[in-house]
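Colleague: Model the structure of this input:
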Amino acid sequence: MYSFLSFLLGVIAVIGVVWLLGFLRMRDIRLKWYVWASIAVWYLWTVAGISFVSINAAGKHAKAASTGAFIFFIVTIIAGVLLARLIGVLNPSKGLNNS
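Modeller: Model (predicted):
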């Protein structure tokens with residue numbers, strides 16, 4: 001079960017990076033190192049949240065799973081929206097233009 005979940009998260013990460021590189025190449029945008037680091041931290045936070053919730057749900061710790069899902073979900077959504085706005089996915093006219 002966890003092997004399949006790890007494989008699925010890896011596939012999603014590769015698809016996301018390939019899409020992001022194509023998006024950046026299409027708009028001729030170069031991201032700084034700290035933006036890439038922020039994306040990596042955001043992804044690791046999301047993976048940690050999914051792992052935390054699935055482990056607690058498998059152990060029948062409903063309170064921990066629901067609280068963890070709420071906290072990880074809120075932080076992931078807020079950070080994802082902020083990163084998308086910073087890169088220019090949500091608002092193309094105000095994204096990073098480092099060229």
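Colleague: For the lowest-mean-pLDDT helix or strand in the chain, enumerate the helices and strands it packs against.
Modeller: Least confident helix or strand, the chain: helix 2-27 with a mean of 88, by mean pLDDT, DSSP states H and E. Under the contact criterion of 3 or more Cβ pairs under 8 Å, 6 or more residues apart in numbering; DSSP states H and E, helix 2-27 touches helix 33-58, helix 62-87. For glycine as for every other residue, the C-beta is placed from the backbone atoms N, C-alpha and C.
Colleague: Switch these over to a markdown table; also include distance to Leu9 and mean neighbour count.
Modeller: Output for the helices and strands packed on helix 2-27, formatted as a markdown table (distance: least, Cβ to Cβ, whole Å; neighbours: other Cβ atoms under 10 Å):
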| stretch | distance to Leu9 | mean neighbour count |
| --- | --- | --- |
| helix 33-58 | 6 | 15 |
| helix 62-87 | 13 | 14 |
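Colleague: how about these in JSON lines, adding distance to Val14 and mean pLDDT?
Modeller: Below are the helices and strands packed on helix 2-27 laid out as JSON lines (distance: least, Cβ to Cβ, whole Å; pLDDT from 0 to 100):
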{"stretch": "helix 33-58", "distance to Val14": "11", "mean pLDDT": "91"}
{"stretch": "helix 62-87", "distance to Val14": "18", "mean pLDDT": "92"}
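Colleague: Let me have those in TSV, extended by distance to Phe7.
Modeller: Below are the helices and strands packed on helix 2-27 laid out as TSV (distance: least, Cβ to Cβ, whole Å):
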stretch	distance to Phe7
helix 33-58	12
helix 62-87	20
